[in-house]
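okay, sequence plus prediction incoming.
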Amino acid sequence: DAKTTQPTSMDCAEGRAANLPCNHSTISGNEYVYWYRQIHSQGPQYIIHGLKNNETNEMASLIITEDRKSSTLILPHATLRDTAVYYCIVSGYGGSQGNLIFGKGTKLSVKP
Amino acid sequence: KAGVTQTPRYLIKTRGQQVTLSCSPISGHRSVSWYQQTPGQGLQFLFEYFSETQRNKGNFPGRFSGRQFSNSRSEMNVSTLELGDSALYLCASSFRTGGDEKLFFGSGTQLSVL
């Protein structure tokens, strides 16, 4: 079973920030938080990952709470092309990175 | 750099047949993983290969098998196809296994079993 809990769906207005929450209350010290997204009929796409500190790249920002039991993925200026299913995954360093446990994810709909 | 390439993109088979799917990882990547995606079960891990060795295997019957070649290309085979094997089969590659690696996925092979 997935070790994360995400809302089933969310809406966001185009141009606004999309904030996608994820709960991972049983995360252990060596586990990273990864975010992937899947646009219809395509393979999942890596977005960002982090351990303890907040992370930012060209696609998104990842905010991890101090107790590491939850995190938020932020798409700063959502566009229609960001409509996708977003998966939050926890996976351990040194473990098999090929074996990711995907949950149901959050279906994000960006509306004009 | 070219991405992960999966062939064929679409495949139609009948029950009882077997099928072989191919995956070419990103150049330099040595780890290849396979996933099955269905509307009911979502994305499920099949197996992972690194340097021609199977590192991990998911909870699938023995009809599902795979292998990796010395150039890191991988194939998966499903024998005695069942209707429930209809799914999108995704391949992902990474430079190594372990660590905080990110996976790069192909577009998948859509298998329909009639």
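Received, thanks. Residues are numbered from 1 along each chain as shown, chains lettered A, B, ... in the order given.

got the contact list for the lowest-mean-pLDDT helix or strand in chain A?
Scoring the helices and strands of chain A by mean pLDDT, DSSP states H and E places strand A:84-92 at the bottom, with a mean of 90. Residues outside strand A:84-92 that contact it (C-beta atoms under 8 Å, 6 or more residues apart in numbering or on different chains) are A:2-4, A:6, A:20, A:22, A:24, A:27-28, A:30-40, A:44, A:47, A:71, A:73, A:97, A:100-103, A:105-108, B:43. Quick note: C-beta positions are derived from backbone N, CA and C, even for glycine.

tell me which strands that strand pairs with, and in which orientation.
strand A:31-38 (antiparallel), strand A:106-111 (antiparallel) (DSSP bridges).

and the last one, what's its mean pLDDT?
Pointing back at strand A:106-111 there. Mean pLDDT, strand A:106-111: 97.

what sits against the residue nearest to the spatial centre of chain A?
In chain A, the C-alpha nearest the mean C-alpha coordinate belongs to A:W35, at 3.3 Å (C-alpha atoms, centre = their mean). Neighbouring residues of A:W35 by C-beta under 8 Å, 6+ apart: A:20, A:22, A:46-49, A:60, A:62, A:73, A:86-89.

ok, 6 Å please
By C-beta atoms under 6 Å, 6 or more residues apart in numbering or on different chains, A:W35 lies in contact with A:I47, A:I48, A:L73, A:C88.
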